[in-house]
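Student: sequence below, structure please.
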Amino acid sequence: MAELKEADAAQLHQEDVDIKPGDQVAEQVVKDEAAADSDAKPSTTTTDRHVSIQTKLEGLELLVDLNGAGRKSCPLCPEEKFKACYSHKLRRHLQNLHWKVYVEFEGQRMCICHLPCRNLKPGLNGDQASGRHVAHYHCVVCSVTIARKTDMISHLKRHVNKGETEASYSGSSDVPFEEPAPSGQAYEIMKELGTNVQLLPNHTTPQKSDTYFNRKMKTNRQLVFCSLAVLAEERNPLECLDAFGATGIMGLQWAKHLRNTVKVTITDISDTCVKMIKENCQLNHMRVDGGSRGPRGPDGAGGDAEGTVATVEVAKMDANVIMHLRPFDYIHLDPFGTAVNYLDAAFRNVRNLGIISVTSTDTGSLYSKSPNVTLRHYGCHIVRTEYYKELAARMVVATVARAASRCNKGIEVLLAVALEHFVLVVVRVLRGPTQADESTKKLRKLVHCQWCEERVFLKLGNMVDETLPCNCHGSLPGKTAVQLGPLWAGPLFNTGFLRRMLSAAVKHSMDDIQPLVKTLICESECTTLKSLVHGPSALTNQVECGVVIKTLQSGDESADQSGKRKSGDDSGNVVKKLKSDASLEHPPFYYSIHRHSIRGMNMPKLNKFLQYLTEAGFRVSRTHFDPTGVRTDATLVQFKSVLTKYSVPTASQTSVSAENAL
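Tutor: Below is the predicted model of the structure:
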């Protein structure tokens with residue numbers, strides 16, 4: 001038996017020796033294909049640049065001798081994808097397929113490559129060999145392979161932001177760029193309002209990031225900041241909560257600019273986000289407090305004795321849990337989608353005369369695209385109307401008011417904004433069952449005519465047909481009027497609060513939202529913008545909507561020359577001041593001038609039309625909800641009569657009338 005085993009071993013050894021060199025090469029090719037690099041690894045292993053990176057089209061054509069005779073293969077495509085062909089056809093192939101879709105970076109042009117530089121996509125049966133090769137680009141800086149052109153452009157921008165603009169064709173790069181990892185990740189640093197934050201890149205959606213930072217929400221963040229700055233003038237220090245921190249950009253802006261007047265707490269349920277928030281605190285030279293804060297002293301001072309370095313508390317906790325455990329003066333809710341699941345916890349422990357700001361981004365249900373979701377989340381029935389944005393804002397306020405009333409608290413709406421991407425509602429909390437009853441009385445049904453889009457809030461004891469001022473129900477009884485809601489029937493703005501927000505925006509150099517806040521002031525007063533004083537006295541004498549906007553430096557709001565509030569103000573005086581801030585209630589809803597235009601007639605300019613309505617004795621203003629909308633106390637019939645009076649026939653309509661006269 002031993003002799004047989006030795007004979008078999010000798011035979012196997014002889015077979016290994018007799019393997020042909022060609023078989024060794026084929027075996028090595030198979031191993032190389034199996035060990036192909038992933039997206040996060042470099043695509044080359046030499047110090048030379050990849051053949052797909054050229055400066056001119058001639059350089060790409062020089063890879064193949066196009067002047068020679070015979071068939072030639074494409075240098076950037078495998079044989080199974082593009083078979084060998086003659087020179088004229090190969091030249092068109094290189095120009096139209098590879099060169100036409102290049103990505104340029106500092107004179108170097110990265111053409112699309114179809115070679116097996118990346119992993120194969122698996123087939124339906126899971127067999128990797130049955131997949132197909134993926135077209136990709138080779139980065140001129142770090143040699144990584146990226147499939148989409150837009151992703152490669154974003155990838156190069158990150159190189160520029162990090163200062164990596166020198167081409168490095170080495171294939172031994174140690175910096176991963178593609179797949180996000182907890183450690184060793186290349187971050188993108190973004191600066192907003194003087195605050196730096198690190199973002200995790202997201203290559204599938206370059207406009208977003210893995211830590212849920214949305215650049216389009218900058219207006220929302222600035223409006224929330226101004227509302228907090230106004231509250232910080234009334235009392236300090238404030239305990240404020242950013243319940244959904246993500247990158248922590250909002251809470252960091254509060255702590256950086258308001259300093260000792262606020263005590264910021266940022267929470268998030270994600271471990272990655274919490275780690276990112278702490279790193280962003282260090283990036284902005286802020287001290288991170290991981291423990292819970294003690295109770296406030298009798299003078300309102302907390303446990304922080306340091307005045308030079310801002311302190312931010314960062315906690316990994318569910319938003320509902322921390323709002324049930326601790327009281328706050330200011331709470332901001334900005335979840336992904338609707339915020340109805342967090343309203344009960346927010347009103348449970350918020351302090352009296354505190355502020356709650358709610359941001360809802362579920363525009364599908366707010367703007368009548370998903371009525372079943374609207375009914376499920378908000379308990380409201382709505383249809384698509386010309387004033388759908390204000391309808392969404394009043395629906396969110398109604399939901400907030402119901403949540404407050406369940407905790408025996410009322411609300412005063414300070415601000416309600418509905419833009420393309422979000423609906424922001426800022427309310428002040430008024431403690432007591434009496435205030436809760438007053439708020440619930442403002443929740444009413446809305447009667448809407450689907451034929452002419454006239455609308456009016458329904459009063460108790462009135463029939464639907466007797467409520468609408470139009471006569472559509474007479475000709476089509478029971479087929480035009482629908483009940484929407486319940487909605488918030490009270491005002492959506494507080495003029496005095498908006499004026500102080502404008503002062504805060506000027507003080508902190510927020511030029512982006514100042515026109516929006518000015519429009520909101522005009523809308524709350526229901527008047528047009530008349531004049532505005534510019535110059536160094538803009539903080540003390542700002543004329544908006546025909547009235548002087550008085551700030552803390554003017555002395556009318558119990559302030560001294562330094563801009564700080566006097567210590568003698570108590571809760572009762574604040575309530576009286578709030579009542580004096582509330583101006584004459586603005587009319588609900590608005591009319592779109594284009595929706596009610598007359599066919600064959602040229603409408604007047606919007607500013608001229610506002611002047612005509614004012615001369616007719618109506619209150620008018622523009623609205624931020626719709627650039628073509630007009631907020632007025634006139635009915636639809638009166639609105640159309642003024643529009644008809646000042647509209648002129650078009651040229652074609654005039655010629656037709658002349659021909660009929662002949």
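
Student: and the closest residue in space to residue 75 that isn't next to it in sequence, which of the three is it?
Tutor: Nearest non-adjacent residue to residue 75, counting by C-beta to C-beta, 6 or more residues apart in numbering: residue 63, 4.2 Å away. The C-beta positions use only the backbone N, C-alpha and C, and glycine is treated the same way. Per DSSP: H, G, I helix; E, B strand; the rest coil, the local secondary structure of residue 63 is coil.

Student: repeat for residue 240
Tutor: strand.

Student: coming back round to it: from what I can see the residue nearest to residue 75 touches residue 51, true?
Tutor: Yes. The criterion here is C-beta atoms under 8 Å, and residue 63 meets it with residue 51 at 5.9 Å.

Student: overlap of the contact sets of those two?
Tutor: Jointly contacting residue 63 and residue 51 under the rule C-beta atoms under 8 Å, 6 or more residues apart in numbering are residue 75.

Student: what's the helix or strand harbouring residue 410 packed up against?
Tutor: Per DSSP states H and E: residue 410 is located in strand 409-418. Counting contacts by 3 or more C-beta pairs under 8 Å, 6 or more residues apart in numbering; DSSP states H and E, strand 409-418 packs against helix 218-234, helix 388-405, strand 423-431, helix 433-440, helix 495-507, helix 514-525.

Student: shouldn't residue 113 be in contact with residue 136?
Tutor: Yes. Counting by C-beta under 8 Å, residue 113 does reach residue 136; the two are 5.8 Å apart.

Student: name the residues contacting each of the two.
Tutor: Residues touching both residue 113 and residue 136 (C-beta under 8 Å, 6+ apart): residue 145.

Student: confirm that residue 216 sits in a helix.
Tutor: Yes. Residue 216: assigned to a helix according to three-state DSSP.

Student: ok, residue 254 to residue 140 distance?
Tutor: Separation of residue 254 from residue 140 (C-beta to C-beta, to the nearest Å) stands at 41 Å.

Student: tell me the contacts of residue 450?
Tutor: Taking C-beta under 8 Å, 6+ apart, one finds 383, 480-482 in contact with residue 450.

Student: on the pLDDT front, check it for me.
Tutor: At residue 450, the model reports a pLDDT of 87.

Student: over to it: give its phi and psi.
Tutor: Phi and psi for residue 450, reported as degrees, to the nearest 10, are phi -80, psi -10.

Student: do you know how far the closest residue to residue 65 other than its chain neighbours is from residue 66?
Tutor: Spatial nearest neighbour of residue 65, excluding adjacent residues (C-beta to C-beta, 6+ apart): residue 72 at 7.1 Å. Distance of residue 72 to residue 66, given as C-beta to C-beta: 7 Å.

Student: who has more neighbours, those two?
Tutor: residue 72 (17 against 14; other C-beta atoms under 10 Å).

Student: quick one: contacts for that one?
Tutor: Here residue 72 is in contact with 64-66, 84-87, 90 (C-beta under 8 Å, 6+ apart).

Student: where does the chain have low pLDDT?
Tutor: For the chain, the stretches with pLDDT under 70 are 1-48, 119-133, 165-187, 201-211, 290-308, 460-468, 473-479, 529-584, 652-662.

Student: now the contacts of residue 72 as TSV including distance to residue 266 and secondary structure?
Tutor: Shown next, in TSV, are these (distance: C-beta to C-beta, whole Å; DSSP: H, G, I helix; E, B strand; the rest coil):
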residue	distance to residue 266	secondary structure
64	58	coil
65	63	coil
66	62	coil
84	62	coil
85	62	strand
86	66	coil
87	64	helix
90	59	helix
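
Student: buried among those residues? Need that as a selection in PyMOL.
Tutor: The following PyMOL line selects those of those that are buried, judged by 16 or more other C-beta atoms under 10 Å:
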select buried, resi 64+87+90
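
Student: tell me which two in the contacts of residue 72 are the farthest apart.
Tutor: 65 and 85 (13.8 Å; C-beta to C-beta).

Student: work out for me the element residue 383 sits within.
Tutor: Under the assignment given by DSSP H and E, residue 383 is not contained in any helix or strand.

Student: next, count neighbours for it.
Tutor: Applying other C-beta under 10 Å, we find 12 residues neighbouring residue 383.

Student: what's near enough to touch it?
Tutor: 368, 371, 448, 450, 482, 484.

Student: Serialize the contacts of residue 72 to CSV and add fields for distance to residue 153.
Tutor: Shown next, in CSV, are those (distance: C-beta to C-beta, whole Å):
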residue, distance to residue 153
64, 28
65, 33
66, 30
84, 33
85, 32
86, 35
87, 33
90, 28
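
Student: can you tell me which of the contacts of residue 72 is closest to residue 392?
Tutor: Scanning the contacts of residue 72 for proximity to residue 392, where the rule is C-beta to C-beta, the winner is residue 90, at 58.2 Å.

Student: how much space is there between the closest residue to that closest one other than its chain neighbours and residue 117?
Tutor: Leaving aside its chain neighbours, residue 90 sits nearest to residue 72 (5.6 Å; criterion: C-beta to C-beta, 6+ apart). Using C-beta to C-beta, we find residue 72 at a distance of 21 Å from residue 117.

Student: can I get stretch 517-527 in PDB, CA atoms only?
Tutor: Provided in PDB are the C-alpha atoms of stretch 517-527 (Å, rounded to 0.1, in the frame of the first residue of the first chain):
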ATOM      1  CA  VAL A 517     -39.900  88.500   6.700                       C
ATOM      2  CA  LYS A 518     -40.800  91.900   5.200                       C
ATOM      3  CA  THR A 519     -43.400  90.200   3.000                       C
ATOM      4  CA  LEU A 520     -44.800  88.500   6.100                       C
ATOM      5  CA  ILE A 521     -45.000  91.800   8.000                       C
ATOM      6  CA  CYS A 522     -47.000  93.300   5.100                       C
ATOM      7  CA  GLU A 523     -49.200  90.200   4.900                       C
ATOM      8  CA  SER A 524     -49.900  90.300   8.700                       C
ATOM      9  CA  GLU A 525     -50.900  94.000   8.400                       C
ATOM     10  CA  CYS A 526     -52.700  93.300   5.100                       C
ATOM     11  CA  THR A 527     -51.200  96.300   3.500                       C
END
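
Student: buried residues in that stretch?
Tutor: Across stretch 517-527, burial judged by 16+ other C-beta under 10 Å covers 517-527.

Student: just those now: which is nearest residue 77?
Tutor: Nearest member of the buried residues of stretch 517-527 to residue 77, counting by C-beta to C-beta, is residue 519, at 56.7 Å.

Student: buried subset of the contacts of residue 450, written for PyMOL?
Tutor: The PyMOL selection below is limited to those of those classed as buried (16+ other C-beta under 10 Å):
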select buried, resi 480+481
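
Student: in strands only, show me the contacts of residue 450.
Tutor: Secondary structure assignment by DSSP state E places 481-482 of those in strands.

Student: redo the contacts of residue 450 as TSV? Include distance to residue 149.
Tutor: Below are these laid out as TSV (distance: C-beta to C-beta, whole Å):
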residue	distance to residue 149
383	42
480	52
481	53
482	48
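
Student: just the closest of the contacts of residue 450 to residue 213, please.
Tutor: Taking C-beta to C-beta as the measure, residue 213 sits nearest to residue 383 out of those, at 34.5 Å.

Student: report the separation between that closest one and residue 337.
Tutor: 22 Å.

Student: show me the strands in the stretch 551-662 of the chain, by range?
Tutor: Along the stretch 551-662 of the chain, the stretches classed as strands by DSSP state E, counting those that start in this stretch are 591-592, 601-602, 620-622, 629-632, 648-649.

Student: out of those, which is closest to residue 495?
Tutor: The nearest among the strands of the stretch 551-662 of the chain, by C-beta to C-beta, is strand 620-622 at 11.9 Å.

Student: and the contacts of the closest one?
Tutor: Strand 620-622 has contacts (C-beta under 8 Å, 6+ apart) with 519, 522-523, 525-528, 545, 586, 606, 610, 613-614, 629-632, 634.

Student: what about 7 Å?
Tutor: With C-beta atoms under 7 Å, 6 or more residues apart in numbering as the test, strand 620-622 has contacts from 519, 522-523, 526-528, 610, 613-614, 630-632.

Student: which among the residues you listed gets closest to residue 396?
Tutor: Distances from residue 396 to those, taken by C-beta to C-beta, are shortest for residue 523, at 17.3 Å.
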